[in-house]
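Novice: Output the structure for:
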Amino acid sequence: MKKYCIVENGLLEQHAGSKARRDVADILIGLGWEACPVHPIKVRVNVSYLERIRMALVFQKDWKRVEKTIQSGDELLIQYPLDMYPKVSMLALRQIQKLKQKNVRIGMLIHDLDSLRNQNPEERAWYQGAEEKFLSQADYIIAHNKKMTAYLKSCKMTQPIYSLGLFDYLVDSQMSAAEKKNSAEGIVIAGNLAPEKAGYVYQLGSVDARFQLYGPNVQEEKLGKNMDYKGSFPPDKLPEILEGKFGLVWDGDSLNGCGGEFGEYVKYNNPHKASLYLACGLPVIVWKEAAVADFVEKYQVGITVNSLEEISGEMANMTEEKYQVLKGKVSEIAEKLRTGEMLKETMEKVGR
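Specialist: Now for the predicted structure:
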């Protein structure tokens, strides 16, 4: 009996792929799983009909090879959704069903649920249908947290569902040097800074605190005087570069709770930036209604607030003694995230 995981070509190279997906693949391979490579087919605007045909043919060839490689009694873990053009990814269903018929155990680890992230009724309905077709094939599912698990159960998923807790964030052995930088003042914001994704950032000028910004798509001319833009860096480099005392996990267009479709999504998902901050030794500030707030409160690794307007008061009451207590709690979690223990522990629960 062998264990396999689907890995997009290039995902294990330092310059390519999603950090979260790459870390999952690295951890599983470290546990003895074998990689099943497939070509990544990224979403692009205005994809031509001929290009869609080409993508479909490449994709089908990849999955037919996967089907032939994996034998009865083996196990396959799929990172969902497949990191490719969504409607082309549906072509994998036939091969997944054939693997099920061969008595292959199938697991699906969820990165995103687009039925929750997309508020367009027509598109949301399509994604709900796709998710049901894919996830119903799984013998077990790994969800982000208990709230996502409850949502999946409400969608009639009856197989075992395991909560990851947080995504791991693998870093090298030099992390201790990076943690020393976190004595710098300021609250770190890392991620996509486009106004349509992080509109709240451009309202932070009214908040009595200092912010250090890292990420693409910033509109610097709209930033308040209390914000310093540090640049955009690859995810693997961020732990060496981030400087601040807290990391902010927020999304949407409002200071008073996470707003818009991006804000609604944080009620169910674990933002990868939470893992980044904690892996760097930074306590986090999160919205009280965010799903990740349960983890933050349980392990006492940050502060939960209803509004970003509360930050100035929280910072004023944050004595050095209180901060060091938080840092101590964070250090315990940080070591687990940096070494892949969250997924390793989950896979032990999954068992066989």
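
Novice: Show the subsequent helix or strand relative to the helix-or-strand element of the chain with minimal mean pLDDT.
Specialist: When each helix and strand of the chain is scored by mean pLDDT, DSSP states H and E, helix 175-180 comes last, with a mean of 48. Per DSSP states H and E, the first helix or strand lying C-terminal to helix 175-180 is strand 187-190.

Novice: what about Phe246, distance to Ile110?
Specialist: According to CB to CB, to the nearest Å, Phe246 stands 28 Å off from Ile110. For the C-beta atoms, the positions are set from N, CA and C on the backbone; glycine is no exception.

Novice: Check Leu116 too.
Specialist: 10 Å.

Novice: Kindly report the same for Gly231.
Specialist: 31 Å.

Novice: quick one, which of those two is more surrounded?
Specialist: Applying other CB atoms under 10 Å to Gly231 and Ile110 shows that Ile110 carries more neighbours, namely 22 against 10.

Novice: can you pull the contacts of the more buried one?
Specialist: Tyr80, Ile141, Ile142, Ala143, His144, Met148 (CB atoms under 8 Å, 6 or more residues apart in numbering).

Novice: beta partners of it?
Specialist: Judged by DSSP bridges, the bridge partners of Ile110 are Tyr80.

Novice: So for it, what's the pLDDT?
Specialist: On pLDDT, Ile110 comes in at 97.

Novice: and the gap between it and Ile303?
Specialist: Using CB to CB, Ile110 is found at 27 Å from Ile303.

Novice: Please apply the same query to Ala290.
Specialist: In terms of CB to CB, Ala290 sits 12 Å off from Ile303.

Novice: So those two - more neighbours on which side?
Specialist: Ala290 (27 against 22).

Novice: so where do the helices sit in the stretch 151-300 of the chain?
Specialist: For the stretch 151-300 of the chain, the helices defined by DSSP state H, counting those that start in this stretch occupy 175-180, 238-241, 260-265, 272-279, 293-299.

Novice: Okay, buried residues for the third one please.
Specialist: When burial is assessed from 16 or more other CB atoms under 10 Å, helix 260-265 yields the following buried residues: Gly260, Phe262, Gly263, Glu264, Tyr265.

Novice: just those residues now: which is nearest Thr319?
Specialist: Taking CB to CB as the measure, Thr319 sits nearest to Gly263 out of these, at 31.1 Å.

Novice: I'd assumed Gly257 was in contact with Glu289.
Specialist: Yes. Using CB atoms under 8 Å, Glu289 is in contact with Gly257, at 6.6 Å.

Novice: Pull up the overlap in contacts between the two.
Specialist: When contacts are counted by CB under 8 Å, 6+ apart, Glu289 and Gly257 are jointly contacted by Asn306.

Novice: what's the closest non-adjacent residue to Gly73?
Specialist: Met1 (4.9 Å; CB to CB, 6 or more residues apart in numbering).

Novice: Could you give the number of residues near the one you found?
Specialist: Met1 has 9 nearby residues by other CB under 10 Å.

Novice: Tyr140 too?
Specialist: Other residues within reach of Tyr140, judged by other CB under 10 Å, total 18.

Novice: Report the beta-bridge partners for it.
Specialist: With DSSP bridges as the rule, Tyr140 is bridged to Gly107.
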